[in-house]
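Pasting the sequence and the predicted coordinates here, then a few questions.
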Amino acid sequence: MATLIPSYSSCASRMTGGERRLAQRLEAKLGDDHLLWYDVPVGPKALHPDFILLHPSRGLFVLEVKDWKLDIIKAANPDEFEIETQSGQRKTVDSPLVQARDYVLAMCSLLEKDPELVQPSGRYQGKLICPYAYGVVLPNITRRQFDSQLALGQVIHANLVICKDEMTEVVDPGAFQEQLWAMSHYNFGTTLTNEQIDRIRWHLYPEMRISAKQLSLFPKEPADILQTAIPQVLKVMDLQQEQLARSLGEGHRVIHGVAGSGKTLILAYRCQHLAEAMQTVLVLCFNVALASRLRSLMVEKGLTKLVTVRHFHGWCIEVLKQHQLPRPDHRQYKGAEYIQRLEAAVVAAVDAGKIPTGQYGAVMVDEGHDFAPEWLKLVAQMVNPSTDSLLVLYDDA
């Protein structure tokens, strides 16, 4: 079964009917060594192909899906299609084949800047190390209908399209795969290594990159791995981490795992994702040192205008100051007693409406295993009800 990123359950609601069927077929009919991305921004220009497929020996594929029925296509040429909208109006759109081609060529251009990802010699010297291809999926047009329309065949070659009857639930996996491989014009006969696949992901998905500062959150990492200079050493989230990060969706979420499993990396990605959507984010943790390192990471990513990182009790002090409310006298109360009175002061102020709730588009808690139940109740109240976005990470140990 192929790996789809984000997971099908998290992205099906924003897919068209044809995209859902194709996602199901790609997952079910392709093997475990196939990687799929649906509507994930690519590269510095944040391009949005419908589906990207990466296979160690078959290479890189881009598929554009159009849920058109035959009768809405009024005219077609190599560059543009004229279609009829639901309202009966006609409009001109880019050819889906041109869209797919332009996406894959842009990806190749990006990847070919890395000397480790190009052919070192021979006829294709300097070109991408793996094959690439592109095509169109027409989930509401059968092959017979496609063949009956001479104009379609003139602008989309027959081998570059998958039709409705070629992507049914009962289609033979081998036949379905042959439809895909027929889109490629060449085969280098080489197989991508895991390291090369990670390099491709590093270039295509910058948000998955792991920087030196992120690695430094985990002191057990050897020092030399902190050097992320191109092209010698590149670090990127593993596939399980990427799929989880992209599949979180909205609402309340809990992520648990052992130390070093990448929970904090996922938190950092989530901060960037929400900040790009212009949401304010509050990140709280128990450890002062971890809060400092996370704050430094947000500075590196340029997220400090929208992302606030604090350790829990530092945030308690700050929020009382912000609303000009009294704090416990640190000269009178020491240690645990001061902390207890500080917590009680914030809880009481929130209950009394002196500190407003719902201040942040999202709240994230790292080291959730160190948070008392009343702390979690308090920080949950800081989430804006319209987003209802609360993420809690904790250590299984």
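Looks like it arrived, so ask away.

only C-alpha atoms for contact and neighbour calcs from this point on.
Will do.

and Phe81, what helix or strand is that in?
strand 80-84 (DSSP states H and E).

quick one: strands adjacent to that strand?
strand 73-76 (antiparallel), strand 90-94 (antiparallel) (DSSP bridges).

Who's the closest spatial neighbour of Gly262, skipping the chain neighbours?
With C-alpha to C-alpha, 6 or more residues apart in numbering as the criterion, Gly262 has its nearest non-adjacent residue at 6.9 Å, and that residue is Gln241.

Identify the residue nearest Ile263 in space, chain neighbours excluded?
Actually, residue 263 is Lys. It isn't Ile. Leaving aside its chain neighbours, Lys263 sits nearest to Leu393 (6.7 Å; criterion: C-alpha to C-alpha, 6+ apart).

beta partners of the one you found?
The partner residues for Leu393, given DSSP bridges, come to Ile255.

what number of residues lie near it?
Residues within reach of Leu393, counting by other C-alpha atoms under 10 Å, total 21.

what about it, distance to Pro373?
As judged by C-alpha to C-alpha, to the nearest Å, Leu393 and Pro373 stand 14 Å apart.

Ok, which of the strands paired with strand 80-84 comes nearest Val42?
Closest approach to Val42 among these is made by strand 90-94 (19.4 Å; C-alpha to C-alpha).

Quick one: name whatever helix or strand follows the closest one.
helix 96-111.

export that next one as CSV, just CAs?
Extracted in CSV, the C-alpha atoms of helix 96-111 (Å, rounded to 0.1, in the frame of the first residue of the first chain):
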residue,chain,number,x,y,z
PRO,A,96,-4.3,20.3,-17.5
LEU,A,97,-1.5,18.6,-19.4
VAL,A,98,0.4,21.9,-19.6
GLN,A,99,-0.2,22.4,-15.9
ALA,A,100,1.2,19.0,-15.1
ARG,A,101,4.2,19.5,-17.4
ASP,A,102,5.0,22.9,-16.0
TYR,A,103,4.9,21.6,-12.5
VAL,A,104,7.2,18.7,-13.1
LEU,A,105,9.7,20.8,-15.1
ALA,A,106,9.8,23.4,-12.3
MET,A,107,10.5,20.6,-9.9
CYS,A,108,13.3,19.2,-12.1
SER,A,109,14.8,22.6,-12.4
LEU,A,110,14.9,22.9,-8.6
LEU,A,111,16.3,19.4,-8.0
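
and the helix or strand just after that helix, how far from the chain's centre?
Downstream of helix 96-111, the next assigned helix or strand under DSSP H and E is strand 132-138. In terms of C-alpha atoms, centre = their mean, to the nearest Å, the centre of strand 132-138 is set 22 Å apart from its chain centre.

I'd like the average pLDDT over the helix or strand following strand 132-138.
Downstream of strand 132-138, the next assigned helix or strand under DSSP H and E is helix 143-148. Averaging pLDDT along helix 143-148 gives 92.

Which positions within helix 143-148 qualify as buried?
Judged by neighbour count (16 or more other C-alpha atoms under 10 Å), helix 143-148 contains these buried residues: Arg143, Phe146.

next one: stretch 279-295
Buried, per 16+ other C-alpha under 10 Å, within stretch 279-295: 279-286, 290-291, 293-295.

Show me what the helix or strand hosting the residue nearest to Gly262 packs onto, helices and strands only.
Element membership for Gln241 (DSSP H and E) is helix 239-246. With contacts taken as 3 or more C-alpha pairs under 8 Å, 6 or more residues apart in numbering; DSSP states H and E, helix 239-246 sits against strand 3-5, helix 263-276.

how about the CA coordinates for that helix, as PDB?
Extracted C-alpha coordinates of helix 239-246, given in PDB (Å, rounded to 0.1, in the frame of the first residue of the first chain):
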ATOM      1  CA  LEU A 239       8.100  10.000   6.300                       C
ATOM      2  CA  GLN A 240       6.100   9.100   9.400                       C
ATOM      3  CA  GLN A 241       6.800  12.500  11.000                       C
ATOM      4  CA  GLU A 242       5.900  14.300   7.800                       C
ATOM      5  CA  GLN A 243       2.600  12.400   7.300                       C
ATOM      6  CA  LEU A 244       1.600  13.100  10.900                       C
ATOM      7  CA  ALA A 245       2.600  16.700  10.700                       C
ATOM      8  CA  ARG A 246       0.600  17.300   7.500                       C
END
